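S.K.: Need a 3D model of the sequence below.
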Amino acid sequence: MDWDAIITVGALIAAPFGYLIGIGCFDYWFRWASGAPTIPEDHSGHGATGWRDYFRVNTDHKVIGIQYICTTFFFFIAAGLMAMLMRAELAQPGTQFVDPNTFNGLFSVHASLMIFLFIIPVFAGIANFVIPLMIGAPDMAFPRLNALSFWMLPV
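M.R.: So this is what the prediction gives:
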């Protein structure tokens, strides 16, 4: 039996769940499942009161929208640095910075970052912020699922 493969797969499954449990994504569900009284969700303590609230699990749609947008701009900068490295490599004939295989890898990772970690999530962030305000809703339909969808992005 190949224990290295089993340990690797187990770690790949456990790591995201450990991360989400650590930041408090499942606190409400764990309290409910254990039979403890759940904290009522009255939305009075909803939203951000300070800058630290943007680094915590929050179910307010405006906070989640800003979290999406700020996180995606981090990936935008990372992809932009890759694009600058590719342009510097193409400035003159020959190899200046990276070999051809690394260049191909940079090109692919740049495209993946731009599509899957910038373009798609930035529109999700704008929609999270704006759509409930446009339709006059107090929040999204499933605020905890909305928060979970954001916190899966950095993982």
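
S.K.: Centre of the chain to the helix or strand of the chain with the lowest mean pLDDT, how far?
M.R.: Least confident element among the helices and strands of the chain, by mean pLDDT, DSSP states H and E: helix 27-34 (a mean of 83). Helix 27-34 sits 23 Å away from the centroid of its parent chain (Cα atoms, centre = their mean, to the nearest Å).

S.K.: Flag the shaky bits of this structure, pLDDT-wise.
M.R.: Within the chain, the stretches with pLDDT under 70 are 40-46.

S.K.: Grab the longest helix from it for me.
M.R.: When the chain is parsed with DSSP state H, its longest helix is helix 61-89.

S.K.: which residues sit against stretch 148-155?
M.R.: Stretch 148-155 is contacted from outside by 15-16, 19-20, 23, 25, 57, 64, 67-68, 71, 117, 121, 124, 128, using Cβ atoms under 8 Å, 6 or more residues apart in numbering. C-beta coordinates here come from the backbone N, C-alpha and C atoms, glycine included.

S.K.: which residues of this protein fall in helices?
M.R.: Using DSSP H, helices in the chain cover 3-22, 27-34, 61-89, 100-114, 120-135, 143-151.

S.K.: Output those as CSV; include the columns mean neighbour count.
M.R.: Putting these into CSV (neighbours: other Cβ atoms under 10 Å) gives the following:
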stretch, mean neighbour count
helix 3-22, 11
helix 27-34, 12
helix 61-89, 17
helix 100-114, 14
helix 120-135, 15
helix 143-151, 18
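
S.K.: got these as JSON lines, with distance to Trp51 columns?
M.R.: Shown next, in JSON lines, are the helices of the chain (distance: least, Cβ to Cβ, whole Å):
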{"stretch": "helix 3-22", "distance to Trp51": "21"}
{"stretch": "helix 27-34", "distance to Trp51": "22"}
{"stretch": "helix 61-89", "distance to Trp51": "11"}
{"stretch": "helix 100-114", "distance to Trp51": "26"}
{"stretch": "helix 120-135", "distance to Trp51": "17"}
{"stretch": "helix 143-151", "distance to Trp51": "17"}
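
S.K.: Now do the longest helix of the chain: which elements does it pack against?
M.R.: Where contact means 3 or more Cβ pairs under 8 Å, 6 or more residues apart in numbering; DSSP states H and E, helix 61-89 is packed against helix 100-114, helix 120-135, helix 143-151.

S.K.: just the angle between the first one and helix 120-135, please?
M.R.: It refers to helix 100-114. Here helix 100-114 points in a direction 10 degrees away from that of helix 120-135 (axes from the mean of the first three to the mean of the last three Cα atoms, to 10 degrees).
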